[in-house]
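> Sequence and predicted structure below; questions after.
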Amino acid sequence: MSTEPPCPEARALAAAPDTRLFRQVVGRFATGVAVVTTVADGVDHAMTVNAFTSVSLDPLLVMFCADRTARFHDTVLATGIWAVCVLPEELRAASEHLATPGRRLAGQLDRYRVHRGPATGVPVLSDALAVVECRTHAVHEAGDHSIVVGEVLALDVPNPEGEPLIFHDGRYRRIAGP
């Protein structure tokens, strides 16, 4: 039995995976949940993400992915400064609210404890597990999303005892204890 990959012609003839199956497959990867925030012209903006990760230790870089059709996308690119707030379980409602397309922009963070990040002045969720304040370092187009890479300006751990909010298989989950 050969383990060689099929020839280019055979790969070209294979049917492309469908979007539904793709979402199901990548949804099997458990992720944390975060909210990315920025401020533009005195108005706070926020968006829930689960595509967030560290990129580099030298220099310190992180990245998140933003849907190019989301109003947050153009705003965060225009401001060039943002914060990632890693959410604890108790901020699940914030995650759901800030993931809702078309929600009212004015006052969207009013129901949560928020303060201004010391390095960027953007809104930061005070009950976040961790906070990373950034300046945009690079932006890469990737299909219907942009990969936004940020240079880390400041770090904080405001809620070191909190349990992380987890998303897996299309649902919020809890980490099972020992």
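That came through fine.
> Let me see the contact set for the most centrally placed residue in the chain.
Nearest residue to the geometric centre of the chain (Cα atoms, centre = their mean): residue 49, 2.8 Å. Residues counted as contacts of residue 49 (Cβ atoms under 8 Å, 6 or more residues apart in numbering) are 33, 34, 35, 36, 64, 65, 66, 84. The C-beta positions use only the backbone N, C-alpha and C, and glycine is treated the same way.
> Let's see which of the residues you listed end up in helices.
The members of the contacts of residue 49 all map outside helices under DSSP state H.
> In those residues, find the pair that's most separated.
33 and 66 (14.9 Å; Cβ to Cβ).
> Looking at those two, which is more packed in?
Neighbour totals were compared for residue 33 and residue 66, and residue 33 leads with 25 against 22 (other Cβ atoms under 10 Å).
> was I right about the more buried one contacting residue 93?
No - using Cβ atoms under 8 Å, residue 33 is not in contact with residue 93; the gap is 11.8 Å.
> Going by distance to residue 97, which of the contacts of residue 49 wins?
residue 35 (9.6 Å).
> what about the nearest residue to that closest one once chain neighbours are set aside, distance to residue 157?
Computed as Cβ to Cβ, 6 or more residues apart in numbering, the closest residue to residue 35 that is not its neighbour in sequence is residue 85, at 4.8 Å. Using Cβ to Cβ, to the nearest Å, residue 85 is found at 11 Å from residue 157.
> so what sits against both of these two?
Counting by Cβ under 8 Å, 6+ apart, the residues touching both residue 85 and residue 157 are 130, 131.
> between those two, which one's more packed in?
Set side by side, residue 85 and residue 157 show more neighbours around residue 85, with 33 against 12, by other Cβ under 10 Å.
> which residues touch the more buried one?
Taking Cβ under 8 Å, 6+ apart as the criterion, residue 85 is in contact with 34, 35, 36, 37, 124, 125, 128, 130, 131.
> Which residues are in contact with the fourth one?
Pointing back at residue 37 there. Contacts for residue 37 (Cβ under 8 Å, 6+ apart) come out as 44, 45, 46, 82, 83, 85, 109, 122, 123, 124, 125.
> right, and the fifth one touches residue 118 too?
Meaning residue 83. No - counting by Cβ under 8 Å, no contact exists between residue 83 and residue 118, whose distance comes to 10.4 Å.
> Is it correct that residue 22 falls within a helix?
Yes - read with DSSP: H, G, I helix; E, B strand; the rest coil, residue 22 is one of the residues of a helix.
> Look at it and say how many residues are nearby.
Residues lying near residue 22 (other Cβ under 10 Å) number 11.
> secondary structure element for the residue nearest to residue 63 when sequence neighbours are not counted?
Taking Cβ to Cβ, 6+ apart, and ignoring the residues beside it in sequence, residue 63 has residue 149 as its nearest neighbour in space, at 4.6 Å. In the assignment (DSSP states H and E), residue 149 maps to strand 145-156.
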